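Undergrad: no sequence on this one, just coordinates:
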């Protein structure tokens with residue numbers, strides 16, 4: 001068991017390193033092409049740092065644990081909002097979202113509300129729902145692409161060659177993917193040893209572990225004064241979790257029923273955290289106090305799961 005715990009921690013360390021490499025190169029690439037920080041955060045960093053969640057989903061389906069899939073999706077979004085959101089706001093005295101970026105926040109809450117239907121109504125998501133999910137994701141991409149790009153910046157450093165940057169980002173994400181795949185295996189072994197059920201493993205251990213790349217990314221972004229990138233990371237990760245994880249579960253498993261797999265407590269926490277995050281960001285209440293409240297709520301949430 002000691003070896004399993006050591007390997008679990010080691011895989012997390014590799015994930016963090018890969019995430020650091022990915023964000024540094026992605027930010028540089030975005031600046032060269034004049035892409036906004038929010039767009040980078042949503043579609044490069046947000047989706048990239050969600051690879052552990054995707055890998056966890058694939059691995060969970062392969063080992064026949066749909067509870068981990070459902071728990072990972074819901075738990076990761078809760079972690080993204082309360083944990084990652086808390087880390088994002090902690091060093092900021094006050095965060096005010098720009099008007100041009102509010103559409104991203106509006107669509108985030110829309111997707112969260114649509115997904116809630118699958119949480120509170122006994123329906124099975126199958127191949128028939130794939131086109132709907134793809135359309136929802138496509139509209140999100142279209143709305144983001146419509147936004148005005150920022151001024152391009154020139155780099156003379158040969159290490160910032162476009163092709164080289166893209167290769168570095170891809171390699172970083174591949175390392176992130178495979179390290180997370182091992183992480184889910186070790187997490188399940190440890191949970192089995194202690195007799196913890198799959199769904200609890202998904203919303204706590206797996207969700208927390210696979211959300212660490214988002215946490216590290218957020219810390220780096222805030223340190224570099226890239227607040228919009230940090231916000232984009234949260235929005236992008238949440239949207240990617242809802243859409244892509246659902247797609248993976250349907251394609252590989254044939255269908256999934258989130259209503260049956262999740263308890264009411266986690267369903268309610270999922271929808272409440274999304275609504276609270278949206279209200280705070282739109283209402284301009286995001287500050288250090290909010291950050292502390294978010295982090296305390298996440299701690300209470302995790303402790304409640306094991307009580």
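TA: Perfect, thanks for sending it. Computed from a predicted structure; not experimentally measured.
Undergrad: And the longest helix belonging to the chain, what's buried?
TA: Once the chain is assigned using DSSP state H, the helix that runs over the most residues is helix 162-194. For helix 162-194, burial by neighbour count (16 or more other C-beta atoms under 10 Å) applies to 165, 168-169, 172-173, 175-188, 190-191. Bear in mind the C-beta positions are built from the backbone N, C-alpha and C, glycine included.
Undergrad: quick one: that helix to chain centroid distance?
TA: Counting by C-alpha atoms, centre = their mean, to the nearest Å, helix 162-194 is centred 14 Å from the centre of its parent chain.
Undergrad: ok, and for the helix or strand containing residue 246, which residues are buried?
TA: Element membership for residue 246 (DSSP states H and E) is helix 246-253. For helix 246-253, the neighbour count (16+ other C-beta under 10 Å) marks 246-250, 253 as buried.
Undergrad: which strands and helices sit next to it?
TA: helix 51-62, helix 66-78, strand 125-126, helix 130-145, strand 255-256 (3 or more C-beta pairs under 8 Å, 6 or more residues apart in numbering; DSSP states H and E).
Undergrad: Just name the shakiest helix or strand of the chain by mean pLDDT.
TA: helix 198-201 (a mean of 67; mean pLDDT, DSSP states H and E).
Undergrad: tell me what the helix or strand following that one is packed against?
TA: Using DSSP H and E, the next helix or strand after helix 198-201 towards the C-terminus is helix 207-223. Applying 3+ C-beta pairs under 8 Å, 6+ apart, we find helix 207-223 packed against helix 2-32, helix 51-62, helix 66-78, helix 85-89, helix 162-194, helix 227-240.
Undergrad: Spatially central residue (nearest the centroid) of this structure, please.
TA: residue 237 (3.1 Å; C-alpha atoms, centre = their mean).
Undergrad: how much space between that residue and residue 80?
TA: Distance, residue 237 to residue 80, by C-beta to C-beta, to the nearest Å: 5 Å.
Undergrad: now do residue 28
TA: 24 Å.
Undergrad: Which of these two has more residues huddled nearby?
TA: Neighbours were counted for residue 28 and for residue 80 using other C-beta atoms under 10 Å; residue 80 has more, 31 against 18.
Undergrad: Looks like that one contacts residue 238 (just checking).
TA: Yes: in terms of C-beta atoms under 8 Å, residue 80 counts as a neighbour of residue 238; the distance is 5.3 Å.
Undergrad: hang on, the earlier thing: hmm, who's touching the helix holding residue 246?
TA: Here helix 246-253 makes contact (C-beta atoms under 8 Å, 6 or more residues apart in numbering) with 54, 57-58, 61-62, 66, 69, 73, 115, 125-127, 129-130, 133-134, 256.
Undergrad: of those, buried ones?
TA: 54, 57-58, 61, 66, 69, 73, 115, 125, 129, 133, 256.
Undergrad: Turn those residues into a markdown table, including pLDDT and distance to residue 286.
TA: Output for the buried ones among the contacts of helix 246-253, formatted as a markdown table (pLDDT from 0 to 100; distance: C-beta to C-beta, whole Å):
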| residue | pLDDT | distance to residue 286 |
| --- | --- | --- |
| 54 | 80 | 28 |
| 57 | 82 | 30 |
| 58 | 82 | 34 |
| 61 | 85 | 36 |
| 66 | 84 | 35 |
| 69 | 85 | 31 |
| 73 | 89 | 25 |
| 115 | 93 | 23 |
| 125 | 91 | 33 |
| 129 | 92 | 34 |
| 133 | 92 | 29 |
| 256 | 91 | 33 |
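Undergrad: Now do residue 250, the pLDDT please.
TA: pLDDT recorded at residue 250 is 92.
Undergrad: can you check the one 10 residues further on too?
TA: Residue 260 carries a pLDDT score of 91 in this model.
Undergrad: Quick check: closest non-adjacent residue to it.
TA: residue 122 (7.1 Å; C-beta to C-beta, 6 or more residues apart in numbering).
Undergrad: Pull the contacting residues for that neighbour.
TA: Here residue 122 is in contact with 257, 259-260 (C-beta under 8 Å, 6+ apart).
Undergrad: go on, residue 171?
TA: If you count contacts by C-beta under 8 Å, 6+ apart, residue 171 has them with residue 21.
Undergrad: Now with 10 Å, please.
TA: Shown in contact with residue 171 (C-beta atoms under 10 Å, 6 or more residues apart in numbering): 18, 21-22, 25.
Undergrad: again, but for residue 259
TA: Counting by C-beta under 10 Å, 6+ apart, residue 259 touches 70, 117-125, 267.
Undergrad: Now for those: which two are most distant?
TA: Largest separation among these by C-beta to C-beta: 124 and 267, giving 16.1 Å.
Undergrad: quick revisit: between residue 237 and residue 80, which contacts overlap?
TA: Joint contacts of residue 237 and residue 80 (C-beta under 10 Å, 6+ apart) are 46, 49-50, 53, 211, 214, 218.
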